[in-house]
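Engineer: Pasting the sequence and the predicted model now:
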Amino acid sequence: MARRVFFSFHHRDLWRANVVRNSGVVEGVSPAGFQDAAIWDDAKKMGDVEIKKLIDRALDCTSVTVVLISAHTAHQTYLSYEIDRSIARGNGLFGIRIETIKNQLGVTDARGPVPASLTRVGAPIYDWEYGRLGRWVEVAYDQARRRS
């Protein structure tokens, strides 16, 4: 069954994020406006409250949150907020290392640290493998249902 998934990632990883999102096994939700730079830029101009509202709207109707991890993910300003709100909603949660996915220029990324907010909650971390996303989403969904 397709789950609605919130994808959290650093804006510089949009290409890699789309590789994951377009793998065809989940129904994705635009992650906090990153899919549309104009929306994200407008929210940043309005401040912290507007950005958090944008994130909250993106999390609506989702059941699983996936953090896409690369060299800069751990330094995302709103990552902890996204994870905390996901947990409060009862979403399943896990991370995927996406450094090995080539960007639009055919370049991979340096391996980045696992964000402390994922480590803090004991979320599983996977290395990207095409064809596995659906299974990982279902496992996270089932684990979240058992916790609630």
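Structural biologist: Sure thing, it's come through.

Engineer: Grab the CA positions of stretch 87-94 and hand them over as CSV.
Structural biologist: Extracted in CSV, the C-alpha atoms of stretch 87-94 (Å, rounded to 0.1, in the frame of the first residue of the first chain):
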residue,chain,number,x,y,z
ILE,A,87,7.3,12.0,16.2
ALA,A,88,4.5,14.1,17.8
ARG,A,89,2.3,13.1,14.8
GLY,A,90,3.1,9.4,15.3
ASN,A,91,4.9,9.1,11.9
GLY,A,92,7.3,6.3,11.3
LEU,A,93,10.8,7.6,10.9
PHE,A,94,14.1,6.6,9.3
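
Engineer: which of the residues in it are buried?
Structural biologist: Going by neighbour count (16 or more other C-beta atoms under 10 Å), the buried part of stretch 87-94 is Ile87, Arg89, Asn91, Gly92, Leu93, Phe94. Heads up, the C-betas are built off the backbone N, CA and C, glycines and all.

Engineer: Which ones among those residues map onto strands?
Structural biologist: Those of those mapping onto strands are Gly92, Leu93, Phe94, per DSSP state E.

Engineer: where in this protein is pLDDT low?
Structural biologist: 1-2, 24-41 (pLDDT under 70).

Engineer: where along it do the strands fall?
Structural biologist: Under the criterion DSSP E, the chain contains strands at 4-8, 27-29, 64-69, 92-97, 125-127.

Engineer: packing partners for the fourth one?
Structural biologist: Helices and strands touching strand 92-97, as assessed by 3 or more C-beta pairs under 8 Å, 6 or more residues apart in numbering; DSSP states H and E, comprise strand 64-69, helix 79-89, helix 116-121, strand 125-127, helix 133-147.

Engineer: What lies in contact with the fourth one?
Structural biologist: Outside of strand 125-127, the residues within contact range by C-beta atoms under 8 Å, 6 or more residues apart in numbering are Ile69, Phe94, Gly95, Ile96, Arg97, Thr100, Val114, Leu118, Arg132, Trp136.

Engineer: From those, keep the buried residues only.
Structural biologist: Among the contacts of strand 125-127, those buried by neighbour count (16+ other C-beta under 10 Å) are Ile69, Phe94, Gly95, Ile96, Arg97, Val114, Leu118, Trp136.
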